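Engineer: Got a sequence here, can you build the structure:
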Amino acid sequence: MEKGYVHVYTGNGKGKSTAAVGLAVRALCAGMSVYVGQFVKNMKYNETKIESLFPKLKVEQLGSGCFIFREPSQKDIDMAREGLDRCTEILASGQYDVVILDEINIALYFRLISVKDVVEAVRNRKPNVEVVLTGRYAPQEIIDMADLVTDMQEVKHYYQQGVLSRDGIDK
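Structural biologist: As a prediction, the model looks like this:
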């Protein structure tokens, strides 16, 4: 690609990470290389298994786990900052055609990392690198920087009926 664009998938609806994985598969099938840095997450969700199917895919988990029901710890903060440093290097290197920063908006929302540092990392990437930032609560600065923003809104969800995450569908 001559020019890479910046995508943001945000909102309270389901499917932000799923959309990013779909874009990754599309890029991989076109012969591109893809890096996925998963902020906050440390559980091996099913999508991490596709790394074994595609030699041009690298998935790294950059978090210590979900902290929805607790305050983020110093470990959460340190891992997010180290993860952003790693992603900043990858973006600048041009080693990958597509770089997905999964759940980075959650890391921003909980102030594990700064918006300024994320914007700078994305702006200082190699010009041909396509970037995808996912997660609820995308800050306005991230939306303003993006070339494409998709706001996924929940209209109805089976969680409201007591259905938990289902293997292969939700995780």
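
Engineer: Going along the chain, name the strands of the chain.
Structural biologist: Taking DSSP state E as the criterion, the chain carries its strands at 6-10, 34-38, 57-61, 98-102, 130-134, 148-151.

Engineer: Can you tell me which of the ones you listed is most buried?
Structural biologist: strand 98-102 (a mean of 27; mean count of other C-beta atoms under 10 Å). (Glycine included, C-beta is placed from N, CA and C.)

Engineer: any idea which helix is longest in the chain?
Structural biologist: Secondary structure of the chain per DSSP state H: the longest helix is helix 74-93.

Engineer: what about the residue most central in space within the chain, distance to residue 127?
Structural biologist: Centroid check for the chain by C-alpha atoms, centre = their mean gives residue 102 as the closest residue, at 1.2 Å. From residue 102 over to residue 127 the distance is 22 Å, taken as C-beta to C-beta, to the nearest Å.

Engineer: what does residue 5 give?
Structural biologist: In this structure, residue 5 and residue 127 are 10 Å apart, going by C-beta to C-beta.

Engineer: These two: who's more crowded?
Structural biologist: residue 5 (12 against 9; other C-beta atoms under 10 Å).

Engineer: Do I have it right that that one meets residue 133?
Structural biologist: No: using C-beta atoms under 8 Å, residue 5 is not in contact with residue 133, being 11.7 Å away.
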